[in-house]
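1. Here is a sequence together with a model predicted from it:
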Amino acid sequence: MTISKTLNGSALTLALEGRLDTVTAPELERELNASLNGADSLTLDFEKLEYISSAGLRVLLSAHKAMSGKGGMKVIHVNEIVSEVFEVTGFCDILEIE
Amino acid sequence: MGKKSVAQMSEREKKRHSLAAKTVGRIILSSFLLGAVALLIGLLIYGSNLFRQSIDRACKTARLAVASATNAADSIGLSKEIMGIYRGLTPEQRSLMESDAEADRETYRGFYTVLDSVTRKGGAYDVLRHMLRGYKNDVDFVYLAMYDEETSAMVYIADSDQVDPLAPGEWEKVDRDKMMRFLNWDGEGDLYAIGNTEKYGWLCTAGCPIRDQDGEICEFLLVDVSIGSVAAKLTQYALQIGVALLAATVLIAWLMARRMKRSVAEPIDAIASAAVAYVQDKQSGADNSDHFSSLGIHTGDELENLSRIMAGMEKSLAEHEKEITRVTAEKERIGTEMHLAAKIQSSMLPHVFPPFPDRHEFDLYASMDPAKEVGGDFYDFFLIDDDHLCLVMADVSGKGVPAALFMMVSKVILQSCAMLGRSAGEILTKTNEALCSDNQVQMFVTVWLGILEISTGKMKCANAGHEYPAIKRAGCPYELYKDRHGFVIGGMAGMKYKEYEMTLSPGDRLFLYTDGVPEATSGERELFGTDRMLAALNETGDAPPQEVLRGVRRAVDGFVQDAEQFDDLTMLCLAYKGKTE
């Protein structure tokens, strides 16, 4: 998985590419731990994300909680497979998805 | 054939490899070369000195004898008389001198015996001969002679020889060019010539001209020194020095070899033996070896350095070995613990089938295959009371030990809540409350829970973010039951879970699973998917639940093939038969 980071003022955008699973989730977690302090809002671009596992969902949940006190977190460009996972797990009710 | 190791060599072979032997060879060779050069230079200096001495001696004798020759007798007059006769002779008469017949030569000598100064006892010739003899001690010949330019001949006047004296007037052809140097000598330095003669061998001839009152050269006083003796002396000298040099070379080489052996060969041998012993120790499994550190090499050079490095290496290898042993033991311990943990985990799940042999209203089978030794998936089923069967299928986020710990807690809480007789929605809500408090690592669990009223087939279910169950109505194929979804458990405090109701008729089947089944991934990164899962389920038809699970497992294995099982794989199948009288 590759993570592309764009910081526009205090608005952080992370574009993920590949699979977000047990192996790659710690990568995203490290990136978020390092970047979230300086960001007021977080956008996750899932346009090129092929798959997300429960380990990836856990990282999303952490980020969601970390950002809920600030400008919030939203997920954009979610494909069908990932969208289905969000639906099944109930994440679609919690996350702000565009 | 590879090279033999040092340990396998015979003594003779080892000797051939000896540094000391090589050193001796090289020292002898280089000493010889050096000695030979030194000897050559020595010989040159010594030889030139000897020559110089011979020349000096000849010149000195010549100068001394000249004075005596002019004072002791009228040598100039004698010379003029003899040269007068010589020049008066016809060439034929002169050539009698070169005749092989002694009689002819005698005739030639006879031409000069007319002179009173030659024949008379006490005459000039007699006095001069006597005087010349007195200078013969340091040299080979002292004689008086005159050069005749016309015939290029040296005409003898008197000599010092007693045994075979030259007669006055006897002559000899000489080299004109050489003689010109003698005739034109300006009196500066030494006058001498070196040449090889048939009769006397190599000679150094020093000369001194004797002039009359008019300054004309009337004769030469000549001194011969044989240089052959000088050459002989040089040869003798060379031999003596050569022998001494050889002896010195051998001695030095032997001393060097001894020193070399002590300071180089022996320490190297010691290091080599230590290495062999070290390897033997390692092979036999002994530890704490100190072969290199106990060497005690104090040569103060690279060898001492080497032995220290080897000792350091031995020490750090020993430490490294200890570390490896410790890490291996630690790994083994962890492995054992993981194995035990896996056993505990699997024994926590109901694993005796059929689970309720005396209940004929339903048939049930479940299985769990963790991707790692311990996993985060679990299934569960238990009777809340005689008429209520609770089914649970759950999946903790992540894998391994953290997931397993979270799974154990989740399972216990779910069962406790269920046994208190709460509804499906209440059970999930309560469990969420319990798991959310102090959940610092944001782990969560997806749960599908259903409570079946065995007598009626009515089932109250709730889904907390879990996969859709698959249901098969009697006589129909399996299909996904798209139920209402709540959020995952443990993710967010204060969530309320709503329940729904479905009714199972006799012959209906319910298939529960975790995402390990639809998300099993092939080598080409393709997901197994729910469509393939439903197809695999339908293949099994009305087979007993155990066979259904096996069929799905086979299909998943066939799809994944050699790719590593990435997620836990957990399934449960319930076949409802209804009341059987």
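-> Alright, I've got the coordinates. Since this is a predicted model, take the numbers as computed values, not measurements.
2. how near is A:Gly18 to A:Thr24?
-> Distance, A:Gly18 to A:Thr24, using CB to CB, to the nearest Å: 7 Å. Glycine gets a C-beta too; all of them are placed from N, C-alpha and C.
3. With B:Asp100 instead?
-> 125 Å.
4. ok, those two, which is more surrounded?
-> Under the criterion of other CB atoms under 10 Å in any protein chain shown, the comparison of B:Asp100 against A:Thr24 puts A:Thr24 first, with 21 against 6.
5. The helix ranked longest in chain B - contacts with which helices or strands?
-> Longest helix of chain B, by residue count under DSSP state H: helix B:19-72. If you count contacts as 3 or more CB pairs under 8 Å, 6 or more residues apart in numbering or on different chains; DSSP states H and E, helix B:19-72 packs onto helix B:124-133, strand B:141-148, strand B:192-197, strand B:201-211, strand B:217-226, helix B:228-260.
6. Which one of the ones you listed lies nearest to chain A?
-> helix B:228-260 (62.9 Å; CB to the nearest CB).
7. which parts of that closest one are buried?
-> Buried residues in helix B:228-260, counting neighbours by 16 or more other CB atoms under 10 Å in any protein chain shown, are found at B:Val230, B:Leu234, B:Tyr237, B:Ala238, B:Ile241, B:Leu245, B:Thr249, B:Ala253, B:Met256, B:Ala257, B:Met260.
8. closest to B:Cys417 among those?
-> In terms of CB to CB, no member of these lies closer to B:Cys417 than B:Met260, at 89.6 Å.
9. Pretty sure B:Gly25 is one of the things that closest one touches, is it not?
-> No. The criterion here is CB atoms under 8 Å, and B:Met260 misses it with B:Gly25 at 11.5 Å.
10. so where is the chain shaky, pLDDT-wise?
-> As the question left the chain open, I've gone with chain A. Judged by pLDDT under 70, chain A has no weakly predicted residues.
11. hm, I was asking about chain B
-> B:1-18, B:287-288, B:565, B:580-581.
12. Mind splitting it into its structural domains?
-> B:19-232, B:287-348, B:349-576 (automatic domain parsing).
13. which one of the ones you listed lies closest to B:Ser273?
-> Per CB to CB, nearest to B:Ser273 of the domains of chain B: domain B:287-348, 8.2 Å.
14. mind listing what residue 88 touches?
-> Going with chain A. A:Val88 makes contacts with B:Thr446, B:Gly465, B:His466, B:Glu467, B:Tyr468, B:His485, as judged by CB atoms under 8 Å, 6 or more residues apart in numbering or on different chains.
15. if you could check chain B rather than the one you did, that'd help
-> Contacts for B:Gly88 (CB under 8 Å, 6+ apart) come out as none.
16. ok, it to chain A distance?
-> Per CB to the nearest CB, to the nearest Å, B:Gly88 is found 131 Å from chain A.
17. Would you tell me which residues of chain A are close to chain B?
-> Residues of chain A lying near chain B by CB under 8 Å from any CB of the partner chain: A:21-22, A:51, A:53-55, A:57-59, A:61-62, A:65, A:81, A:87-91, A:93-94.
18. By residue count, what's the longest strand in chain A?
-> Of all segments of type strand in chain A, defined using DSSP state E, the longest is strand A:41-52.
19. So which elements touch that one?
-> strand A:11-20, helix A:54-68, strand A:73-76, helix A:80-89.
20. which stretch among the ones you listed comes nearest B:Asp281?
-> Counting by CB to CB, B:Asp281 lies closest to helix A:54-68 out of those; the figure is 48.9 Å.
21. I'd like to check what contacts that closest one. Which residues are they?
-> A:20-22, A:24-25, A:28-29, A:32, A:36, A:39, A:41-42, A:44, A:52, A:73, A:75, A:85, A:89, A:91, A:94-95, B:395-399, B:442-444, B:446, B:488, B:491-492, B:515.
22. What residues sit buried inside it?
-> Using 16+ other CB under 10 Å as the test for burial, helix A:54-68 gives A:54-64, A:66-67.
23. Count the neighbours of B:Asp301 for me.
-> Count around B:Asp301 with other CB under 10 Å applied: 12.
24. Got phi/psi on it?
-> With angles defined as degrees, to the nearest 10, B:Asp301 sits at phi -140, psi -160.
25. about what we covered before: out of the domains of chain B, which is the most enclosed?
-> domain B:349-576 (a mean of 19; mean count of other CB atoms under 10 Å in any protein chain shown).
26. so where does the closest residue to B:Ser346 other than its chain neighbours fall, helix or strand?
-> Closest residue in space to B:Ser346, ignoring its immediate chain neighbours: B:Met368 at 7.0 Å, by CB to CB, 6 or more residues apart in numbering or on different chains. B:Met368 is part of strand B:362-369 when elements are defined by DSSP states H and E.
27. any residues touching that strand, and which ones?
-> B:346, B:349-350, B:353-356, B:375, B:377-379, B:381, B:389, B:452, B:454, B:544-546, B:548-549, B:553, B:565, B:568-577.
28. which residues sit in contact with A:Glu50?
-> Here A:Glu50 is in contact with A:Gly18, A:Arg19, A:Asn79, A:Ile81 (CB under 8 Å, 6+ apart).
29. Select only the buried ones of those residues in PyMOL?
-> In PyMOL syntax, the buried subset of the contacts of A:Glu50 is picked out as below (16+ other CB under 10 Å):
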select buried, chain A and resi 19
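30. Where does B:Phe406 sit: helix, strand or coil?
-> helix (DSSP: H, G, I helix; E, B strand; the rest coil).
31. wait, isn't it in contact with B:Asp377?
-> No. In this structure B:Phe406 lies outside contact range of B:Asp377 using CB under 8 Å: 11.4 Å.
32. Mutual contacts of those two, please.
-> B:Val396.
33. By proximity to chain A, which residue of the stretch 201-350 of chain B wins?
-> B:Met338 (17.0 Å).
34. helix, strand or coil for that residue?
-> Following three-state DSSP, the label given to B:Met338 is helix.
35. Tell me who's in contact with it.
-> So B:Met338 contacts B:Glu373, B:Val374, B:Val401 (CB under 8 Å, 6+ apart).
36. Out of the residues you listed, list just those in strands.
-> Per DSSP E, those never map to strands.
37. Next step: the residues you listed restricted to helices.
-> Of the contacts of B:Met338, the ones assigned to helices by DSSP H are B:Val401.
38. And the contacts of B:Met338, which is closest to chain A?
-> B:Val401 (12.9 Å).
39. isn't that closest one right up against B:Val374?
-> Yes. Assessed by CB under 8 Å, B:Val401 is found in contact with B:Val374 at 6.1 Å.
40. Give me the common contacts of these two.
-> Common neighbours of B:Val401 and B:Val374 (CB under 8 Å, 6+ apart) are B:Met338, B:Ala341.
41. residue contacts, the residue nearest the centre of chain B?
-> Using CA atoms, centre = their mean, the residue of chain B that lies closest to the mean C-alpha position is B:Leu306, 14.1 Å off. Each residue near B:Leu306 by CB under 8 Å, 6+ apart is listed here: B:Ile271.
42. State the three-state secondary structure for it.
-> helix.
43. now B:Leu512
-> Under three-state DSSP, B:Leu512 falls in the strand class.
44. distance of it from B:Ala424?
-> Taking CB to CB, one finds B:Leu512 at 14 Å from B:Ala424.
45. Tell me how far stretch B:169-176 lies from the chain's centre.
-> Counting by CA atoms, centre = their mean, to the nearest Å, stretch B:169-176 is centred 78 Å from the centre of its parent chain.
46. Could you do stretch B:516-530 as well?
-> The answer for stretch B:516-530 is 53 Å, by CA atoms, centre = their mean.
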